[in-house]
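Q: predicted model follows, preceded by the sequence.
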Amino acid sequence: MSYVVVRCTSVCPKISICFIKNQKQLKQFQRPKEESINKFFKRVKTGFKFSINSLSIKNSVTKEEVPKSSNLYECLTQTNSLYINDEQFKIHLNPATITSVLIPPFFDKVGFIVVPEVETVNLELSCVGYQWEVSTSSEVWEVISNCRILTLVGAYAGRYIRLKCLGDSVCGEVTSNVVGPIKQESTVVTLLSRVLERQQTSDIRVMSYNILADSFMRSRDCSEYHFPYCDLSYQTSEYRDPRIAAEVMAYFPTLAGFQEVEEKVYDKFLKAAFADTHHSFITTSKGRNKVGCAIFVSKESFDVVEYQDISLPQQYEVNAVLASLFDEISKQFPDMNEQLNIRPVRAQVAVLKHRSTKEIIVFANTHLYWNPAYRVASLLHVHALATLVSNLQHKHVQESKLPHVVITGDMNSEPLSLFHDYMTLSYVPQENELWWVEERCYSSLSPLLHNPLQVRVCRGTPEYTNYTEDYKNILDYILASKHLKVVQDTPPHPSELFASEVALPNSIFPSDHLPIVTDFCLLARQ
């Protein structure tokens, strides 16, 4: 079939006219809207590689020719056809079209997920057909997948891949560049060798991971690198982002909470990778870096009943109980409002219904501020989150049974911390020495801050979750209520791999944090 694809907008003084035959573009022209048919035809005659004997625009039904003095723009309609040497070119006005398909060349290693860059006009990506092909010699191609995202498995090592995107009869098909041969790289093998195999008794896999924002790799003026021991080639987003995506996809969590997520990584990798399988939500700061948190929820396992993106400091203004509490705190510590708002700490909270058991889970994710001088303010942030989660539990109570709770996050809190005591003991004892901050004691707050949740730490026994040259400790948490039984959790991380390249990030591990993962089963409740 032969087509003329016409693109025009009301604001643009020109129109684009593209001639297509047998799904190949013959020629494209940019012409003024006020041009006559006759003037356009004179231009066309010299634009093709073959000789043109006749040109006309006719009504597709009556075959009546439009006068050549007519305005070209007004005659390029769906009811007309353009004829070249008596061959009909059907006119398509602003049709849906796939304009280009690109596989970025750094997606060439086993274990990576391949996220193509597909550009379309008037066509949603969800309406595009995908056909991944693999070849040994890049001559004979075999179809291997019809999904939008491709995971490179070991069987593709040494072979080539490409993608065909299929549209309607006008779009035809657009083929991407060829990538390969696919490499089996030892660093990626090592990275993914730590992935836990899913157990049959597991109902839910929960993951928490601070993926390290690219904008936090260096100072604001880019004059200083925060990880000088890491080779600069391993600090680039082109190197790190595919490894982060590969690691997350290899674990394939049911519920995932990510921290230090930038919008560009969220859109290009995480959201793209999970688009067909997970609900996803992101909250970012309003600053220059657009860094925040993101949660992903399996569509197969859960329905999202409710979602909230909240500012934890603002809870002491909008929640009446917390506002009254803060009035009492401010009487003792007048500068607490300044401490509370030192950072715009946000949290994500989703109320989920498990599709098979109908159990309700309140899932929360956050990233607390790191500064020991403000650890009491961070405790107030946590208390605000716990209060909100508790309120949602009571809002969605089922037959006198409170919903389950799962909380993920980089809490910037060591095992000996105010946060840890608050979560595991339900309060922070007054004798805890950490109430002292720069010769000032806040222990009078102990009776005021009681955790309304009954949760426990469920992250296994990793020796570290954050491992840099100057600091090594456990800062990341998965917390869950008691009726979520742990099936398996994060095994100890191989610290010898960290030390071999000083610290994290490095050639193997793309973040200064390590993911923590826990598998749960839902216990029957009486």
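A: Looks like it came in fine. Numbers count the residues shown, from 1 in each chain.
Q: quick one: buried residues of the helix or strand bottoming out on mean pLDDT in the chain?
A: Lowest mean confidence among the helices and strands of the chain (mean pLDDT, DSSP states H and E): helix 495-499, at a mean of 73. Across helix 495-499, burial judged by 16 or more other Cβ atoms under 10 Å covers 497, 498. No exception for glycine: its C-beta is placed from N, CA and C like everyone else's.
Q: who touches it?
A: With contact meaning Cβ atoms under 8 Å, 6 or more residues apart in numbering, helix 495-499 is reached by 190, 463, 464, 467, 504, 506, 508, 509.
Q: and the second one, how many neighbours does it have?
A: The one in question is residue 463. 14 (other Cβ atoms under 10 Å).
Q: at which residues are the helices of the stretch 51-200 of the chain located?
A: 72-75, 186-192 (DSSP state H, counting those that start in this stretch).
Q: low-confidence ranges, the stretch 251-400 of the chain, go.
A: Regions of the stretch 251-400 of the chain meeting the criterion pLDDT under 70 cover residues 286-289.
Q: that one: strands as residue ranges?
A: 255-262, 278-284, 291-298, 302-311, 346-354, 360-367 (DSSP state E, counting those that start in this stretch).
Q: measure stretch 401-415 end to end?
A: 30 Å (Cα to Cα, to the nearest Å).
Q: so which bits of it are buried?
A: Neighbour-count burial for stretch 401-415 [16+ other Cβ under 10 Å]: 402, 403, 404, 405, 406, 407, 408, 409, 410, 411, 412, 413.
Q: now it: mean pLDDT?
A: On average, the pLDDT along stretch 401-415 is 96.
Q: chain center to that stretch: distance?
A: Relative to the chain's own centre, stretch 401-415 is displaced by 21 Å; criterion: Cα atoms, centre = their mean, to the nearest Å.
Q: oh, and call the first residue 218 from now on, that's how I've got it
A: Sure, I'll start counting at 218 from here, so that last one is stretch 618-632.
Q: pull out the buried residues from stretch 317-335.
A: Within stretch 317-335, the residues that qualify as buried are 318, 320-321, 324-333, 335, counting by 16+ other Cβ under 10 Å.
Q: quick one: the residues you listed as a markdown table, columns for pLDDT too.
A: Listed next are the buried residues of stretch 317-335 as a markdown table, based on pLDDT from 0 to 100:
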| residue | pLDDT |
| --- | --- |
| 318 | 91 |
| 320 | 92 |
| 321 | 87 |
| 324 | 86 |
| 325 | 90 |
| 326 | 93 |
| 327 | 94 |
| 328 | 93 |
| 329 | 93 |
| 330 | 91 |
| 331 | 92 |
| 332 | 88 |
| 333 | 91 |
| 335 | 88 |
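Q: closest one to residue 426 out of those, please.
A: Nearest to residue 426 among the buried residues of stretch 317-335, counting by Cβ to Cβ, is residue 330 at 15.4 Å.
Q: could you export the helix ranked longest in the chain as CSV, CA atoms only?
A: Determined from DSSP state H, the single longest helix within the chain is helix 592-612. Output of helix 592-612 as CSV, limited to C-alpha atoms (Å, rounded to 0.1, in the frame of the first residue of the first chain):
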residue,chain,number,x,y,z
ARG,A,592,17.7,12.8,66.0
VAL,A,593,14.9,14.0,68.3
ALA,A,594,13.2,15.8,65.4
SER,A,595,13.5,12.5,63.4
LEU,A,596,11.8,10.7,66.2
LEU,A,597,8.9,13.1,66.0
HIS,A,598,8.8,12.4,62.2
VAL,A,599,8.5,8.7,63.0
HIS,A,600,5.9,9.3,65.6
ALA,A,601,3.8,11.2,63.0
LEU,A,602,4.1,8.3,60.6
ALA,A,603,3.2,5.7,63.2
THR,A,604,0.2,7.8,64.2
LEU,A,605,-1.0,8.0,60.6
VAL,A,606,-0.5,4.3,60.0
SER,A,607,-2.4,3.5,63.2
ASN,A,608,-5.3,5.8,62.2
LEU,A,609,-5.5,4.0,58.8
GLN,A,610,-5.5,0.6,60.6
HIS,A,611,-8.5,1.6,62.6
LYS,A,612,-10.2,3.2,59.6
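Q: can you give me the neighbour number for residue 692?
A: By other Cβ under 10 Å, 21 other residues sit near residue 692.
Q: contacts only, for it.
A: By Cβ under 8 Å, 6+ apart, residue 692 lies in contact with 627, 628, 629, 630, 631, 682, 683, 730.
Q: out of these, name the ones that lie in strands.
A: Judged by DSSP state E, the contacts of residue 692 include 627, 683 as members of strands.
Q: which of the helices of the stretch 268-417 of the chain comes out lowest on mean pLDDT?
A: helix 289-292 (a mean of 86).
Q: nothing else from me, thank you.
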